[in-house]
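Q: Just the structure for this:
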Amino acid sequence: MSGKIYQDQFTLLEQISCPVALVDENLTLHFANNAFEQRIGELPILGDLETILANPEAVMRSLQAASQISGLLPLRIESLRGSEALLGLISRVTFAGRPMFLIQGSQTDSNRYYKINREMEFVAHALSRERRIAQEHENTCHAIEAFIDVLVHDIRSPLATVVQGLGLLPDEVAAENREYSRVLMHEIKLSSERLVDFVDSLYAHSQVHRAKLVLESIDLSILLANLQVDLRSLLTECGGELTGPSLLPVVKADRQLLRQLLQNLLQNSVKFRHTERALKIQIGCDRLNDSHLELFVKDNGQGFDPSRLKNLFNPYVRTGQSNNDGLGIGLATCKSIADKHGWAIRAEGDPGKGATFRVKIPSWC
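A: Sure, this is the predicted structure:
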């Protein structure tokens, strides 16, 4: 990729009407466009620009001065082969990871400095944009490759259990092994539910970006009560407890999306609960100032290492420590919902002690 970028850079420099060249601190020529060669004369084969200069000492002094500043300095090059002196500017740059000097020749009109600066600004902008696009493309490719690897694992694993169980089930039924048949059916059911939940999570994440935001006043106390009812069976099954104050503020939000955000955070607490103690989840709200409040979901689960914060809301990265933890689709969806509202979401984790997720929301009451 880098070789193509440098080639494209040279192509852009070649199209500039003003003389342009790249030299190092020894006056070794690394690039010169046609306009530069036309003004200087035939260039040396080995790139030693000093051999064709009538004023090499003056040019070297300009290089040394340019190495001490970050701006542009005037430059005069007198060639033994050219018909007239080349007037222009010199500046210190980094090219291909090396310190270089960019010589920008000028036309002989009175506006020469302005013209060359405009052209070089255009080139710099174009090259910067091209490098940024190339880097973004490379990062996206790596992310998609990682996403596909995990996606295949998360779909293949439950499917393998289902296929294997269905393959064994007829023999066990024929042998009237009812107990083992029940175990197989239970495993098939759990794996199928895992697969359905995973596909539902992917679908929900994709729908957030398409959803039209419908803002309304939502009483968080009522929303919490509804969530307690909806998640009662899940919490009972894992021995968990969800608590919160009886009085919570009213916020302006999309009802369905806010409900999905909180539900995802609660399900995340259940998924990463600690195996050696009963799960306790607390929903609350802190008023930060007159204009903002912070809604939080706090648990006493596994927690997480702070080093994982960078990728915690990344849908292409696993949410847990092992290969069985799957993609962070749920938390990524929470981030998308928060972004859609213009909110901010952050997380705090203490390994082995629990996690807290906080959503900063404008207060309306």
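Q: Can you give me the buried ones in stretch 77-90?
A: Ile77, Ser79, Gly82, Leu86, Leu87, Gly88, Leu89, Ile90 (16 or more other C-beta atoms under 10 Å). Bear in mind the C-beta positions are built from the backbone N, C-alpha and C, glycine included.
Q: With stretch 251-271 instead?
A: Residues of stretch 251-271 classed as buried: 251, 253-254, 257-266, 268-270 (neighbour count, 16+ other C-beta under 10 Å).
Q: among the buried residues of stretch 77-90, which one has the lowest pLDDT?
A: Lowest in pLDDT among the buried residues of stretch 77-90 is Gly82, which has 66.
Q: quick one: which of the buried residues of stretch 251-271 is nearest Gln164?
A: Set against Gln164, the nearest of those by C-beta to C-beta is Val270 (26.8 Å).
Q: Backbone torsions only: list them for the nearest residue to Leu331 once chain neighbours are set aside.
A: With sequence-adjacent residues excluded and distances taken as C-beta to C-beta, 6 or more residues apart in numbering, Leu331 is closest to Phe313, at 5.1 Å. Note on Phe313: its backbone torsions stand at phi -100, psi 20 [degrees, to the nearest 10].
Q: Which elements pack onto whichever strand or helix holds Ile90?
A: Using DSSP states H and E, Ile90 sits in strand 86-95. Using 3 or more C-beta pairs under 8 Å, 6 or more residues apart in numbering; DSSP states H and E, the elements in contact with strand 86-95 are helix 34-40, helix 56-66, strand 72-77, strand 98-105, helix 112-174.
Q: Can you give the distance from the second one to the centre of its chain?
A: Helix 56-66 sits 43 Å away from the centroid of its parent chain (C-alpha atoms, centre = their mean, to the nearest Å).
Q: Flag every buried residue along that helix.
A: So, applying 16+ other C-beta under 10 Å, buried residues of helix 56-66: Val59, Ser62, Leu63, Ala66.
Q: quick one: the helices in the stretch 201-350 of the chain?
A: Secondary structure of the stretch 201-350 of the chain (DSSP state H, counting those that start in this stretch): helices at 220-230, 232-238, 255-271, 329-341.
Q: Low-confidence stretches in the stretch 51-200 of the chain?
A: Across the stretch 51-200 of the chain, the ranges flagged by pLDDT under 70 are 82-83, 106-121, 123-124, 142-154, 156-158, 161, 165-166, 168-176, 194, 197-198.
Q: run the last query once more with 80
A: 70-71, 81-85, 96-97, 106-128, 130-131, 136-200 (pLDDT under 80).
Q: So what touches stretch 280-292?
A: Residues from elsewhere that reach stretch 280-292, judged by C-beta atoms under 8 Å, 6 or more residues apart in numbering: 220, 224, 235, 240-245, 248-249, 262, 266, 269-270, 293-300, 360-363.
Q: Among those residues, which ones are in strands?
A: Per DSSP state E, strands hold the following members of the contacts of stretch 280-292: 241-243, 293-299, 360-362.
Q: Give the PyMOL command for selecting the buried subset of those.
A: In PyMOL, a selection of the buried entries from the ones in strands among the contacts of stretch 280-292 looks like this (16+ other C-beta under 10 Å):
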select buried, resi 242+293+294+295+296+297+298+299+360+361
